[in-house]
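>>> What shape does this take:
(3 chains)
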Amino acid sequence: MPELPEVETTVKGLQHYVEGHTIKAAQFFRENIRYPLDKSWLKQIEGQKVLFITRRAKLIVMRLEQDFLLWHLGMTGSLRVCQLNEAKRKHDHVELLLDSQRILRFHDPRRFGYLKWFADEESLYQSIAHYGIEPLDEAFDANYLWQLSRNKKQAVKNFIMDQEVVVGVGNIYACEALFYAGIRPQLAAGKVSKSRYQQLVFEIKKVLKEAIAKGGTTLKDFENAEAKPGYFQQVLSVYGREGEACPQCQQMIKAVKLGGRNSFYCPTCQK
DNA sequence: CCCGATTCCTGTAGGC
DNA sequence: TGCCTACAGGAATCGG
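Residues are numbered from 1 along each chain as shown, chains lettered A, B, ... in the order given. Presented below is the predicted three-dimensional model:
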């Protein structure tokens, strides 16, 4: 499930193959993914060069000469660069043919991902204005989390997964960061001290950076721009490890549902 | 306002 | 072996 490291990995991979190249043709293979795909702009982007590709939150932003494309990978989405002779796969929903004799394909079995087109920077910014701070930004610190969380009864795990608070942290990295910070995921966000938030902020940044270095986490579906998996799943400490021994104390890892999502923690190491 | 529940979707795993 | 059900979850939306 693409969180910040997987989206970052995808963007870095795409830059090499796509930036500076011109879109020769664009097409959809279905009307709907997460949102309806609007055919009206398909012809409009043909002939435009992709100037650059960046990440904001879990979003992939493509700056074209005139317009913007905004992709969200959802749960099972991926963007991969194909050779001209590579067969289209089941669940490939969108493709862009490039003048570099490559095809960029959006693949998404569960179709929680989306693609939106924006005619100008202002409408793009408007649509992502509600997003919170970037976790790797210096301004994301203990003070920020502590101040925002006062009087909140919401579980601290749900709090740090709220994209209006801090972006890019999904279920996997929230579980892992809370484990290293020694904080129980179900603890009320408003009851976490500033010094514990300091530890949590440090661990969030650390776990995200390490996951980026390993090319992200591939549980089932994630593949990068070259259709290769990530390797961070090999070093997950608690996520998906219910019943297994905690790597720090050997006690059994537990799972609890928070906000409908499975949350893994060590009852001994996390208080 | 706050926050939990529900909804979208398909592949896979586990039970019988 | 095969059928059925439960589960995975990002995030918008709904409702208490």
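>>> Phi first, then psi, for A:Tyr114.
A:Tyr114 has phi and psi values of phi -150, psi 170 when expressed as degrees, to the nearest 10.
>>> quick one: it and A:Tyr35, what's the gap?
Noted for A:Tyr114: a distance of 5 Å to A:Tyr35, by Cβ to Cβ, to the nearest Å. Heads up, the C-betas are built off the backbone N, CA and C, glycines and all.
>>> interface residues of chain A facing DNA strand C?
Residues of chain A found near DNA strand C (Cβ under 7 Å from any atom of the strand) are A:1-3, A:34, A:57-58, A:72, A:74-76, A:110, A:112, A:130, A:161, A:163, A:170-172, A:260-262.
>>> More neighbours: A:Tyr114 and A:Tyr35, which one.
A:Tyr114 (20 against 12; other Cβ atoms under 10 Å).
>>> and DNA strand B, which of the residues of chain A next to DNA strand C reach it?
A:Met75, A:Arg110, A:Phe112, A:Gly260.
>>> okay, now the last one: neighbour count?
Spelled out, that is A:Gly260. A:Gly260: 6 neighbours (other Cβ under 10 Å).
>>> Kindly state the pLDDT recorded for it?
Looking at A:Gly260, its pLDDT stands at 83.
>>> Against which helices or strands is the host helix or strand of A:Tyr173 packed?
Assigned by DSSP states H and E, A:Tyr173 falls within helix A:171-181. Judged by 3 or more Cβ pairs under 8 Å, 6 or more residues apart in numbering; DSSP states H and E, the packing partners of helix A:171-181 are helix A:156-161, helix A:194-213, strand A:261-265.
>>> picking up where we left off before, pull out the buried residues from the residues of chain A next to DNA strand C.
Those of the residues of chain A next to DNA strand C that meet the buried threshold are A:1-3, A:34, A:57-58, A:72, A:74-76, A:161, A:170-172, by 16 or more other Cβ atoms under 10 Å.
>>> any chance of those residues in JSON lines, with secondary structure too?
Shown next, in JSON lines, are these (DSSP: H, G, I helix; E, B strand; the rest coil):
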{"residue": "A:Met1", "secondary structure": "coil"}
{"residue": "A:Pro2", "secondary structure": "coil"}
{"residue": "A:Glu3", "secondary structure": "coil"}
{"residue": "A:Arg34", "secondary structure": "coil"}
{"residue": "A:Ala57", "secondary structure": "coil"}
{"residue": "A:Lys58", "secondary structure": "coil"}
{"residue": "A:His72", "secondary structure": "strand"}
{"residue": "A:Gly74", "secondary structure": "coil"}
{"residue": "A:Met75", "secondary structure": "coil"}
{"residue": "A:Thr76", "secondary structure": "coil"}
{"residue": "A:Met161", "secondary structure": "helix"}
{"residue": "A:Gly170", "secondary structure": "coil"}
{"residue": "A:Asn171", "secondary structure": "helix"}
{"residue": "A:Ile172", "secondary structure": "helix"}
